[in-house]
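what follows is a predicted structure for the sequence shown.
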Amino acid sequence: PLLRRILLLTLLLTLLVGPVTVRAADDGSIGGVVISGSANSTPVAGLEVRLTVFDDMKAAADYKTTTDDAGNYEFTGLETDLAFSYRLETDFAEMPYVSGFLQFPPDETLIPWDFTVYETTADPGVVSLVMAHVIMAAGEGYLSVTEYHVVANGSSLAYVGAMVEGEEWREVLSFAVPEGASALEFAEGLTDIRMWPEGSGFSDGATLR
C-alpha cells in the first residue's frame, strides 16, 4: 500500500541521515572578566555590567549583572540570530567603557568580552609628546599647513584632563591655531572635538589611556 511505502521511505531516510539536532535560538551567552589596568590586572569585583539588546538595530531590552569576586560576569539565554546585536557597558572611576556592537558568529553560542578599566588622573604630567611633524605647502593666495602629533600616556592611569569652567566637559588635549586660519580639518585620532571661541583653537575631550 502507498501508506506503507511512505513509512518505509521515512524510516530509511532516518537511518541514512541519522538524528537531527536542532539548536535553540536563545542559547547564546556573553561573558568575560573585568580587570584593573591600574593595579596589575587585578580582578574588579562588585562592578555593574549592563547589556543592551538590539533587534534589527533597535533597542529591545536591557539587562544588568555584577562581577563576582574573580571579576567575572555573564549574560545567558541570548538570541544568536544575526538579526540581534548586543552592546556592553560599565562605569569605573566615573568613566564609561563601551564594547561597541557584538554579534554571534554562525554556529557559535559564546561571545567572550573582557574589560580593562583604569583609575583616573587629571595630572598632565603623565602625557608626553612622542612625535610632531609640520608639513607646509604654498599655493596661490594660501598656505596649507598639516600637523601630525603623537601623544602617549606613560602611566597606568587614564588621563581625563581638566574640567572646562561652566561646563560638564573635560579638556584632555588642546590645540591653538593661527589667527585667520580657515578650512580646518581633523584627521584620525580626534573623537570628541570642541572649537574654541572665535575659532582660535580646539580641544579633544576623549580620555587618554
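Noted; the coordinates are in hand.

so, low pLDDT: which residues of this protein?
1-25 (pLDDT under 70).

ranges for the helices of it?
2-17 (DSSP state H).

give me the residue at the spatial middle of it.
In the chain, the centroid-proximal residue (C-alpha atoms, centre = their mean) is residue 99; its distance is 3.4 Å.

isn't it right next to residue 85, touching?
No. Proximity of residue 99 to residue 85 does not meet the contact threshold set by C-beta atoms under 8 Å, at 10.6 Å. (C-beta placed from N, C-alpha, C; glycine too.)

re earlier: which residues sit in contact with the residue nearest to the centre of the chain?
86, 87, 88, 89, 113 (C-beta atoms under 8 Å, 6 or more residues apart in numbering).

do you know how far the nearest residue to the third one once chain neighbours are set aside is from residue 76?
Same thing as residue 88. Leaving aside its chain neighbours, residue 88 sits nearest to residue 99 (3.9 Å; criterion: C-beta to C-beta, 6 or more residues apart in numbering). Residue 99 sits 17 Å away from residue 76, taking C-beta to C-beta, to the nearest Å as the criterion.

any idea how far residue 101 lies from residue 89?
Note on residue 101: its distance to residue 89, by C-beta to C-beta, is 12 Å.

ok, the two, which is more surrounded?
The neighbour count for residue 101 versus residue 89, taken as other C-beta atoms under 10 Å, is higher for residue 89 (16 against 12).

beta partners of the more buried one?
Note on residue 89: beta-bridge partners residue 50, residue 98, judged by DSSP bridges.

got the buried residues for stretch 89-97?
89, 90, 92, 97 (16 or more other C-beta atoms under 10 Å).

quick one: that stretch to chain centroid distance?
On the basis of C-alpha atoms, centre = their mean, to the nearest Å, stretch 89-97 sits 12 Å off its chain's mean C-alpha point.

next one: stretch 140-148
Using C-alpha atoms, centre = their mean, the offset of stretch 140-148 from its chain centre is 34 Å.

contacting residues for the nearest residue to residue 121 once chain neighbours are set aside?
If the residues on either side of it in the chain are set aside, residue 121 comes closest to residue 157, at 4.3 Å by C-beta to C-beta, 6+ apart. When contacts are counted by C-beta under 8 Å, 6+ apart, residue 157 touches 38, 118, 119, 120, 121, 126.

recalculate using a threshold of 10 Å.
Residue 157 makes contact with 37, 38, 93, 118, 119, 120, 121, 122, 123, 126, 208, 209 under the criterion C-beta atoms under 10 Å, 6 or more residues apart in numbering.

which of these sits closest to residue 199?
residue 208 (24.3 Å; C-beta to C-beta).

residue 31 versus the closest one, what's the distance?
Distance of residue 208 to residue 31, computed by C-beta to C-beta: 29 Å.

which residues does residue 86 contact?
Contacts here follow C-beta under 10 Å, 6+ apart; on that basis residue 86 touches 28, 30, 51-54, 61, 63, 75, 78-79, 99-104, 111, 113.
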